[in-house]
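Colleague: Sequence first, predicted coordinates after that:
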Amino acid sequence: MAIRIDGKALAAKVKARTAAEAAKLPRQAGLAVILVGENPASKVYVAGKEKDCAECGIRSFPHKLPAETTQEELLALIEKLNNDPDVDGILCQLPLPEHLDEEAVIHAIRPDKDVDCFHPFNVGRMVIGRPVFLPCTPAGVMEMLREYDIPVRGKRCVVLGRSNIVGKPMGMLLTQADGTVTICHSRTEDLASITRQADILVSAIGKTRFVTADMVKEGAVVIDVAMNRDENGKLCGDVDFAAVEPRASYITPVPGGVGPMTRAMLMENILTAAKNHLGL
Ligand code: L34
């Protein structure tokens, strides 16, 4: 039976470390949080981030905008926050309502305040191994592997999903940790034969019970990045947890796995941004 990786407990540890560092700064670090519209999941995640900021002694500046906000209004707000010296980081929660251009928003956030690590400048820095920030979800997964002494060097790592936010940067961080990485996606042929080779399997697809027991090698480490709802409205990931848990060596639950780590790594990035702004 697999060891469950406790993302909630590890997130608390990371946040305690960040809070101790943040307390040493000559001024409080600050995060501007932009939420456009009424997406219920986004509201929960943003509330969590604001709570994390409070725990870490970081100021949060909430900007809750109506769903009808125009692109011009949103970009004007970002420009104002770019120039606000109390704001070290700017987080615009995704997804945005249909009529708004996410890419333009990501590009508008000044790279030194891009605590999500979504701006092409920061993505590029990460890819060349000279990161300013690390993308929160993949960084959270790497922190979990470190905390549980799970080696990556030389291991076969399979990532399901190739999004800019999770799959691609996840593959990059695993590669930088000397893993041998395969990124799979909706066009991958004979997927199960690839996932069955994985020593470390990271799933970020967004489909309930997509990863079944026959896709997992005995003793594999299984990391579930997804946040889905099952037919009863219960939070769940991509992994058929009950069936896969007996085969895996380590497994992350949903909830209580990667989600809290994403938020904890955001706090680390805000601290980094504040230190950079203070010349520390
Ligand atoms: N800009 N948009 C931006 N940055 C991000 O890093 C995100 N993401 C993703 C969605 N949009 C974003 C998040 O914050 C996903 N995500 C996220 C963050 C936290 C949690 C889940 C997703 C989380 O805290 N999950 C809890 C359960 C929360 C619940 O009860 O619904 C967990 O234990 O997994």
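Modeller: Everything's here; your move.
Colleague: Count the residues that sit near the closest residue to Leu75 other than its chain neighbours.
Modeller: Closest residue in space to Leu75, ignoring its immediate chain neighbours: Ala108 at 5.4 Å, by CB to CB, 6 or more residues apart in numbering. Using the backbone N, CA and C atoms, a C-beta is placed for each residue, glycine as well. The local packing of Ala108 (other CB atoms under 10 Å) involves 20 other residues.
Colleague: Quick check: bridge partners of the closest residue to Val115 other than its chain neighbours?
Modeller: Leaving aside its sequence neighbours, Val115 sits nearest to Gly89 (CB to CB, 6+ apart; 3.5 Å). Going by DSSP bridges, Gly89 is paired in beta bridges with Leu31.
Colleague: so what's the nearest residue to Val211 once chain neighbours are set aside up against?
Modeller: Once flanking residues are discounted, Val211 sits nearest to Val239: 4.3 Å by CB to CB, 6+ apart. Taking CB atoms under 8 Å, 6 or more residues apart in numbering as the contact definition, Val239 lies against 203, 209-211, 222, 224, 251, 254.
Colleague: Val239 and His63: what is the separation?
Modeller: 35 Å (CB to CB, to the nearest Å).
Colleague: same for the ligand: which of the contacts of Val239 are within range?
Modeller: Restricting the contacts of Val239 to those touching the ligand (CB under 6 Å from any ligand atom) yields Val254.
Colleague: Apply the buried test to the contacts of Val239 and list what passes.
Modeller: Buried by 16 or more other CB atoms under 10 Å: 203, 209-211, 222, 224, 251, 254, out of the contacts of Val239.
Colleague: In CSV, list the residues you listed along with distance to Ser42 and pLDDT.
Modeller: Listed next are the buried ones among the contacts of Val239 as CSV, based on distance: CB to CB, whole Å; pLDDT from 0 to 100:
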residue, distance to Ser42, pLDDT
Ser203, 22, 98
Arg209, 24, 97
Phe210, 23, 98
Val211, 25, 98
Val222, 27, 99
Asp224, 20, 98
Ile251, 27, 98
Val254, 17, 98
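Colleague: Could you see whether the ligand lies near stretch 15-29?
Modeller: No: interface with the ligand: stretch 15-29 contributes nothing (CB under 6 Å from any ligand atom), its closest point being 12.5 Å away.
Colleague: State the mean pLDDT of that stretch.
Modeller: Average pLDDT, stretch 15-29: 98.
Colleague: and the stretch 151-280 of the chain, which of its residues are near the ligand?
Modeller: 227, 235, 254-257, 259-260, 262-263.
Colleague: Keep only those of those residues that are in strands.
Modeller: Leu235 (DSSP state E).
Colleague: With distance to Gln28 as extra columns, can I get the residues of the stretch 151-280 of the chain next to the ligand in TSV?
Modeller: Output for these, formatted as TSV (distance: CB to CB, whole Å):
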residue	distance to Gln28
Met227	30
Leu235	33
Val254	33
Pro255	29
Gly256	29
Gly257	30
Gly259	26
Pro260	23
Thr262	22
Arg263	19
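Colleague: Work out for me the element Ile183 sits within.
Modeller: strand 180-184 (DSSP states H and E).
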